[in-house]
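>>> fold the following for me, if possible:
(3 chains)
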Amino acid sequence: MKFKILALLLVSCLAIGIAGCGGGDKKDNVVYVYSWGDYIDPEVLKTFEKETGIHVVLDEFDTNESMYPRVAEGAVHYDVICPSDYMIQKMISNNLLQPLDFNKLPEAKKNIGEDFFKQAESFDPGNKYSVPYCWGTVGIIYDKTKVTDPVDSWNILWNEKYSGQILMQDSARDAMMIPLKLMGKSMNETDKDVLAQAQAMLKAQKPLVQAYVVDEVKEKLINSEAAMGVVFSGEAPIILKENPNMAFSIPKEGTNLWIDGWVITKDSQNVDNAHKFINFMCRPDIAAQNFEHLGYSTPNIAVRDLVEDEELKNSPIAFPSPEVYSGQETYKYLGNQMDEYYNNLWMQVRVDS
Amino acid sequence: MRYIKKIYLATIFLFLYAPIGVLIAQSFNASRYRGHWTGVTLDWYTKLFNDERIADALSNTLSIGLLSAGIATILGLITCVAMKEFSRKWRATFMSITNVPILNADIVTGISLMLLFMGLGLKLGYVSILLAHIVFNVPYVILCIMPQLMTLDKSFYEAALDLGASPFKAFASVILPELRPSIFAGFLLAFTMSADDFIITHFTKGAGVDTLTTEIYAELKIGIHPEMYALSTLVFFCVLIFVILFAINRRKLKHIEEAI
Amino acid sequence: MFNTMTRNVLLTPFLIWAVLFIFVPLICIVWYGVTDYDGNFSLDNMSLIFERGYLAALKLSVELALISTVVCLILAYPLCLILTENRRDNTTIISLLFILPLWMNSLLSTMAWQTILESNGIINQLMRLLDLPTFNMINTQGAIVVGMVYNFLPYMVLPLFISLSKIDKSILEAAQDLGANSWQTFFRVILPLTIPGAVSGITMVFIPALTTFVISALLGGGKLLLIGNIIEQEFTFQYDWHVGCALSVILMIFIVMNMLLTAAFDPLKEEGDG
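Numbering: from 1, shown residues only, chains lettered A, B, ... in the order given. This next block holds a predicted model:
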């Protein structure tokens, strides 16, 4: 009897299904792109496909740490990836990337700011492997109606007044960066005693934390689920637009200046297409369109003049003045062992109850 | 007592349908963000039909579902026929082997298959998902077919043999038609299991290949694209309409039966 | 039906299939679980489980899975009793309505629970409208249990429903004729007859609840890690398959116990069911 019911109910599923069938045709001219969630305007991809006839297969990741094993394992062949600074360094030193051919990237040479290439040398000496795509800082976004204290220090994330109202980033380096900065240490600290102290601070903070989040932070803050959250500067303009009660602040102890860049994998099977894709992303009109969709700061110096949205054009978050980012630290790759050490410290904070 | 029963049913009913109501409501929400109500719109339904990612994921879900269910049905049927000929003890042993993928935790099955595929040097992608789905579908098919096969009357089959049919011919023309309902049920059960699976697909999928469930998982963190709610709402209502038609039909059949 | 030879030939594809796709993969897991990076035998992975505090996660998983199983049983039993009580036309429809939610994608409906339970969620907004005190349920163990019960309740309802509807009415009448009141009928007749169904339901709820990582990730706010989350993280973040496999081996111990239990009360005996 139960199977008869199941059977009959299922037929309708099938009926719906057959209508949508037949989309599995193989496309030869492809480029496999692995990027952060919601990091490219879908319209941009459509334009690219229309102009070049290259089909883009896009996969998304939510942290550098979850991206790395999939690429390192080699079971999945991506052509173009968009990791952050320290992860680019890690991939270079583990021989996962191939040098870019800048002759095929005229738009990158023309439009990406000199300063950004210089900053990128810290993780990609000689700028051989990567082209900067987005950059930004990490700060605290808070609800002006709920937070009465001044938000100018990472300290506020330990304030018991806001117990259950705090959202933290769920990734090892970003989480550890905050207590390290509070202690006045480097975010690339390798002294295990200092790291243990930082871990202890995170454990002590855990009861106050509402949730450890990644990209969900945007939705939660738009819905006023929490009074404050640690976010990448690029998320801020969108949250502020949807929820006017919010404000963004970069703590005085210092923050992470990060750069995400395009790289091509060593075993890429569509090297030409990969270059075309990266070059396309550096075109001013495309970069501007992308920027308006994302809100993340762009290293493309030709973009600002093309932005139509006045609010975004004059946003101090999207186009910060140099004093905001000058002198800030960027993550460095600390070696596989230290990497694992950070991951374990963070895992233990999360398991801790 | 009767009221208590009704209230009880209603409470469980509410519990089961509350999230579905929320999802349906979200498919009409003008805001792209979950729980942020800004008005009513039908945009997501029109956008749904232009969304290439959803179309790809849907066609993967359907083709993997149909293929894996089909192959699993054939393999399951052959296995059932063979198992029937063994002694009770052997049959019980085989059955407990076939049940391993059902009783095992999905996460263990998923990881173990991923390790196998990587060990074999198979590129993770469409084929690996398909193989994995066949693995967990076979036992469902066997669970559907085996009971009916065991209760089948042998005499027609033997009569066919006496009339000079070869065993395979006799099987195809006598046994197979009898088994049709359970084969059908097995196929459909396998298809649903395949379409609904997330965990095993999550571990065995590769670049650029997504089924609906893995696509949804990827979207969960950045915020589900409301087109997905629209699709689920459509599927849900199709199933609902089907159930209603089925119920009406059944009642009619009953009346006819009673009349006769 | 067929001769021995044909029968063996027919079984061969399945046997090859089972060895390749059931046994070898499981052996892979055990192999990774008890070796180190260089492929030497080592129990370090197992001891890491104790050092890293993963035992606490295992304990939490077992607790929440047990609670969810009990809640499912308590909710499903009266439900099935009511549904099987009168076999009228509309019982079929009502039963169908209870299966229908299964056709909604479970990831989406679990996400919907987040929208319902959040601090600015639907329940709390209703409470505010009615001037009632709001409560904080999202990102707690309670929220995870709600998610588990929602997702796995049908697994409990289905076997219970089948075993209850299989009870012959005449047995109940006989009990009443022999002077048993309805409580006695329930405890002496109905309950014992439904034990196989209940056991099947319990095992079918317990294992997925014990091993889930999706429900806890969506409703636990990343603060409450279950054993499934840790395994998933070991594979997707930590890049330490050996520890992930060692944890899976521990899960398999639970699963084997579960299989033995199911075998002892097999409700899907090949003679019955139709």
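>>> spit out the contact partners of residue 235.
Using chain A here. Taking CB atoms under 8 Å, 6 or more residues apart in numbering or on different chains, we find residue A:235 in contact with A:141, A:217, A:218, A:295. C-beta coordinates here come from the backbone N, C-alpha and C atoms, glycine included.
>>> the intended chain is chain C.
If a contact means CB under 8 Å, 6+ apart, then residue C:235 has A:69, B:111, B:114, B:203, C:241, C:244 as its contacts.
>>> ok, 6 Å please
If a contact means CB atoms under 6 Å, 6 or more residues apart in numbering or on different chains, then residue C:235 has residue C:244 as its contacts.
>>> state the distance from it to residue A:224.
Noted for residue C:235: a distance of 35 Å to residue A:224, by CB to CB, to the nearest Å.
>>> since we're on residue C:184, how many residues are nearby?
Using other CB atoms under 10 Å in any protein chain shown, residue C:184 has 13 other residues around it.
>>> any idea which residue is closest to the centre of the chain?
You didn't say which chain, so I picked chain A. Centroid check for chain A by CA atoms, centre = their mean gives residue A:36 as the closest residue, at 5.5 Å.
>>> not quite, go with chain C.
residue C:205 (2.1 Å).
>>> where does it sit: helix, strand or coil?
Assigned with DSSP: H, G, I helix; E, B strand; the rest coil, residue C:205 falls in the helix class.
>>> and the gap between it and residue C:26?
Distance from residue C:205 to residue C:26, by CB to CB: 23 Å.
>>> residue in the stretch 151-300 of chain A with the shortest distance to chain B?
residue A:215 (4.3 Å; CB to the nearest CB).
>>> mind listing what that residue touches?
Contacts of residue A:215 by CB under 6 Å, 6+ apart are A:37, A:62, B:221, B:222.
>>> if we can go back for a sec, touching, the residue nearest to the centre of chain C and residue C:153? I think so.
No: applying CB atoms under 6 Å, one finds residue C:205 not in contact with residue C:153, separated by 7.9 Å.
>>> now do the shared contacts for those two.
Counting by CB under 6 Å, 6+ apart, the contacts common to residue C:205 and residue C:153 are residue C:72.
>>> chain center to stretch A:91-106, what's the gap?
20 Å (CA atoms, centre = their mean, to the nearest Å).
>>> cool, stretch B:239-247 as well?
The chain centre lies 18 Å from the centre of stretch B:239-247; the measure is CA atoms, centre = their mean.
>>> that stretch near chain C anywhere?
Yes: Stretch B:239-247 reaches chain C (CB under 6 Å from any CB of the partner chain) through B:239, B:243, B:247.
>>> find the nearest non-adjacent residue to the second one, please.
If I follow you right, that is residue B:243. Distances taken as CB to CB, 6 or more residues apart in numbering or on different chains place residue C:96 nearest to residue B:243, at 5.0 Å, with adjacent residues excluded.
>>> try the first one
Among residues not flanking residue B:239 along the chain, residue C:103 sits closest, at 4.6 Å (CB to CB, 6+ apart).
>>> how many neighbours does the one you found have?
Using other CB under 10 Å, residue C:103 has 22 other residues around it.
>>> helices of chain B, start to end?
In chain B, the helices defined using DSSP state H lie at B:2-27, B:43-48, B:52-84, B:88-98, B:100-103, B:106-120, B:126-150, B:155-162, B:167-170, B:176-196, B:199-204, B:212-222, B:226-259.
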